[in-house]
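Peer 1: test case, fold it:
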Amino acid sequence: MDAIMNRKSVRNYKPVPVGDDLVEKLLRAAMQAPSAGNQQPWEFVVIRDREIMKAITEFHPYSGAVLKTDVLIVVCGNLSKTKFDGFWVQDCSAATENLLVEAESLSLGAVWLGVYPLEDRVAALSALLDLPSDVIPLCIVPVGYPDREYSAADRFDPSRIHLEKWTD
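Peer 2: Residues are numbered from 1 along each chain as shown. Sure, this is the predicted structure:
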(Lines give C-alpha, C1' and ligand atoms only; values in the text may rest on other atoms or scores of the structure.)
Protein backbone atom coordinates (compact mmCIF):
# COMPACT_ATOMS: atom_id res chain seq x y z
CA MET A 1 0.00 0.00 0.00
CA ASP A 2 2.92 2.38 0.64
CA ALA A 3 3.98 2.39 -3.01
CA ILE A 4 0.41 3.11 -4.10
CA MET A 5 -0.11 5.91 -1.58
CA ASN A 6 3.30 7.47 -2.22
CA ARG A 7 3.26 7.30 -6.02
CA LYS A 8 3.46 10.69 -7.66
CA SER A 9 4.25 12.16 -11.06
CA VAL A 10 7.93 13.02 -11.28
CA ARG A 11 9.16 15.06 -14.25
CA ASN A 12 12.67 16.03 -13.11
CA TYR A 13 15.47 13.57 -12.49
CA LYS A 14 19.05 13.39 -11.29
CA PRO A 15 21.63 12.77 -14.01
CA VAL A 16 22.03 9.15 -12.86
CA PRO A 17 21.45 6.26 -15.28
CA VAL A 18 18.69 3.77 -14.56
CA GLY A 19 20.17 0.29 -14.81
CA ASP A 20 18.84 -2.39 -17.12
CA ASP A 21 18.09 -4.54 -14.07
CA LEU A 22 15.67 -1.89 -12.78
CA VAL A 23 14.07 -1.49 -16.20
CA GLU A 24 13.46 -5.23 -16.24
CA LYS A 25 11.81 -5.02 -12.81
CA LEU A 26 9.53 -2.27 -14.10
CA LEU A 27 8.59 -4.35 -17.14
CA ARG A 28 8.00 -7.45 -15.03
CA ALA A 29 5.63 -5.44 -12.83
CA ALA A 30 3.85 -4.06 -15.90
CA MET A 31 3.36 -7.54 -17.33
CA GLN A 32 1.78 -8.76 -14.08
CA ALA A 33 -1.23 -6.54 -14.72
CA PRO A 34 -4.67 -8.07 -15.18
CA SER A 35 -6.10 -8.10 -18.69
CA ALA A 36 -9.44 -8.96 -20.29
CA GLY A 37 -9.53 -12.70 -20.87
CA ASN A 38 -5.83 -12.78 -20.00
CA GLN A 39 -5.13 -11.41 -23.47
CA GLN A 40 -2.01 -9.47 -22.37
CA PRO A 41 -1.98 -7.24 -25.47
CA TRP A 42 0.89 -5.09 -24.31
CA GLU A 43 4.22 -4.38 -25.97
CA PHE A 44 6.94 -2.13 -24.58
CA VAL A 45 9.54 -0.06 -26.39
CA VAL A 46 12.50 0.89 -24.18
CA ILE A 47 14.24 4.02 -25.41
CA ARG A 48 17.65 5.34 -24.44
CA ASP A 49 18.51 7.07 -27.73
CA ARG A 50 18.77 10.84 -27.17
CA GLU A 51 17.79 11.64 -30.76
CA ILE A 52 14.53 9.72 -30.41
CA MET A 53 13.87 11.49 -27.11
CA LYS A 54 14.45 14.88 -28.73
CA ALA A 55 12.15 13.97 -31.61
CA ILE A 56 9.36 13.15 -29.13
CA THR A 57 9.50 16.69 -27.77
CA GLU A 58 8.83 18.02 -31.26
CA PHE A 59 5.32 16.55 -31.40
CA HIS A 60 4.33 15.97 -27.76
CA PRO A 61 3.76 19.32 -26.03
CA TYR A 62 4.09 17.96 -22.47
CA SER A 63 7.16 15.79 -22.95
CA GLY A 64 9.95 17.91 -21.47
CA ALA A 65 10.62 15.15 -18.93
CA VAL A 66 11.90 12.84 -21.67
CA LEU A 67 15.04 14.97 -22.00
CA LYS A 68 15.75 14.83 -18.27
CA THR A 69 16.34 11.08 -17.95
CA ASP A 70 18.15 8.31 -19.76
CA VAL A 71 15.26 5.88 -20.25
CA LEU A 72 11.69 5.96 -21.50
CA ILE A 73 9.23 3.13 -21.71
CA VAL A 74 6.55 3.38 -24.37
CA VAL A 75 3.53 1.21 -23.53
CA CYS A 76 1.72 -0.04 -26.61
CA GLY A 77 -1.30 -2.18 -27.35
CA ASN A 78 -0.91 -4.94 -29.92
CA LEU A 79 -4.29 -5.29 -31.62
CA SER A 80 -3.30 -8.65 -33.09
CA LYS A 81 -3.10 -10.01 -29.54
CA THR A 82 -6.55 -8.89 -28.47
CA LYS A 83 -9.41 -11.31 -27.90
CA PHE A 84 -11.89 -8.60 -26.89
CA ASP A 85 -12.08 -5.56 -29.13
CA GLY A 86 -11.25 -2.29 -27.42
CA PHE A 87 -10.10 -3.67 -24.08
CA TRP A 88 -6.42 -3.17 -24.93
CA VAL A 89 -6.68 0.39 -23.56
CA GLN A 90 -7.76 -0.84 -20.13
CA ASP A 91 -5.22 -3.66 -20.17
CA CYS A 92 -2.32 -1.41 -21.11
CA SER A 93 -3.48 1.22 -18.62
CA ALA A 94 -3.34 -1.40 -15.86
CA ALA A 95 0.16 -2.36 -17.03
CA THR A 96 1.20 1.30 -16.95
CA GLU A 97 -0.12 1.76 -13.42
CA ASN A 98 1.79 -1.33 -12.28
CA LEU A 99 4.92 0.14 -13.83
CA LEU A 100 4.38 3.47 -12.06
CA VAL A 101 3.78 1.84 -8.69
CA GLU A 102 6.87 -0.35 -9.10
CA ALA A 103 8.93 2.74 -9.95
CA GLU A 104 7.86 4.21 -6.62
CA SER A 105 8.75 1.01 -4.78
CA LEU A 106 12.23 1.11 -6.37
CA SER A 107 12.75 4.76 -5.29
CA LEU A 108 12.47 5.89 -8.89
CA GLY A 109 10.31 8.64 -10.27
CA ALA A 110 8.10 8.37 -13.33
CA VAL A 111 5.28 10.14 -15.12
CA TRP A 112 2.53 9.00 -17.51
CA LEU A 113 2.62 11.04 -20.73
CA GLY A 114 -0.56 10.42 -22.69
CA VAL A 115 -0.40 9.56 -26.37
CA TYR A 116 -3.56 7.62 -27.25
CA PRO A 117 -6.27 8.62 -28.25
CA LEU A 118 -4.78 11.80 -29.76
CA GLU A 119 -4.33 10.88 -33.41
CA ASP A 120 -1.48 13.31 -34.08
CA ARG A 121 0.59 11.91 -31.19
CA VAL A 122 -0.23 8.30 -32.10
CA ALA A 123 0.77 8.87 -35.73
CA ALA A 124 3.98 10.73 -34.91
CA LEU A 125 5.17 8.25 -32.27
CA SER A 126 4.21 5.26 -34.42
CA ALA A 127 6.24 6.66 -37.33
CA LEU A 128 9.20 7.57 -35.13
CA LEU A 129 9.38 4.08 -33.61
CA ASP A 130 8.48 2.20 -36.83
CA LEU A 131 5.56 0.53 -35.07
CA PRO A 132 3.55 -2.01 -37.07
CA SER A 133 0.06 -0.76 -37.99
CA ASP A 134 -1.58 -3.06 -35.42
CA VAL A 135 0.55 -1.72 -32.53
CA ILE A 136 -0.83 1.47 -30.98
CA PRO A 137 1.17 3.58 -28.51
CA LEU A 138 -0.83 4.32 -25.36
CA CYS A 139 1.68 6.36 -23.38
CA ILE A 140 5.30 7.29 -22.77
CA VAL A 141 6.77 6.80 -19.29
CA PRO A 142 10.04 8.60 -18.53
CA VAL A 143 11.76 6.96 -15.54
CA GLY A 144 14.63 8.25 -13.42
CA TYR A 145 15.89 9.09 -9.98
CA PRO A 146 13.89 12.07 -8.66
CA ASP A 147 15.90 15.28 -8.47
CA ARG A 148 14.41 16.10 -5.06
CA GLU A 149 11.88 14.86 -2.52
CA TYR A 150 8.36 14.93 -3.86
CA SER A 151 5.30 14.64 -1.68
CA ALA A 152 2.30 12.58 -2.66
CA ALA A 153 -1.21 13.92 -2.40
CA ASP A 154 -3.89 12.09 -0.47
CA ARG A 155 -6.65 11.83 -3.06
CA PHE A 156 -9.22 10.02 -0.95
CA ASP A 157 -12.56 11.78 -1.32
CA PRO A 158 -15.55 10.21 0.47
CA SER A 159 -17.96 12.34 -1.61
CA ARG A 160 -17.05 10.12 -4.59
CA ILE A 161 -18.42 7.02 -2.87
CA HIS A 162 -22.03 6.04 -3.56
CA LEU A 163 -23.64 3.19 -1.66
CA GLU A 164 -26.08 1.02 -3.56
CA LYS A 165 -27.33 3.90 -5.74
CA TRP A 166 -26.11 7.29 -6.92
CA THR A 167 -26.28 9.84 -4.13
CA ASP A 168 -25.38 13.51 -4.18
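Peer 1: count of neighbours near residue 127?
Peer 2: Look at residue 127: counted by other CB atoms under 10 Å, it has 11 neighbours. Placement of C-beta: from N, CA and C, glycine included.
Peer 1: buried stuff in the host helix or strand of it?
Peer 2: Take DSSP states H and E as the rule and residue 127 turns out to sit in helix 119-128. Buried residues in helix 119-128, counting neighbours by 16 or more other CB atoms under 10 Å, are found at 121, 122, 124, 125, 126, 128.
Peer 1: bridging residues for the closest residue to the fifth one other than its chain neighbours?
Peer 2: It refers to residue 126. Distance criterion CB to CB, 6 or more residues apart in numbering; nearest residue to residue 126, sequence neighbours excluded, is residue 137 at 6.2 Å. Counting by DSSP bridges, residue 137 is bridged to residue 76.
Peer 1: one more: residue 71?
Peer 2: Beta-bridge pairing for residue 71 (DSSP bridges): residue 143.
Peer 1: show me where the protein has helices.
Peer 2: Remark: helices assigned in the chain by DSSP state H are 2-6, 20-31, 50-59, 88-105, 119-128.
Peer 1: just checking, what packs against the first one?
Peer 2: Secondary-structure packing of helix 2-6 (3 or more CB pairs under 8 Å, 6 or more residues apart in numbering; DSSP states H and E): helix 88-105.
Peer 1: sorry, back to before: off-centre distance for the helix holding residue 127?
Peer 2: Put simply, helix 119-128 sits 16 Å off its chain's centre (CA atoms, centre = their mean, to the nearest Å).
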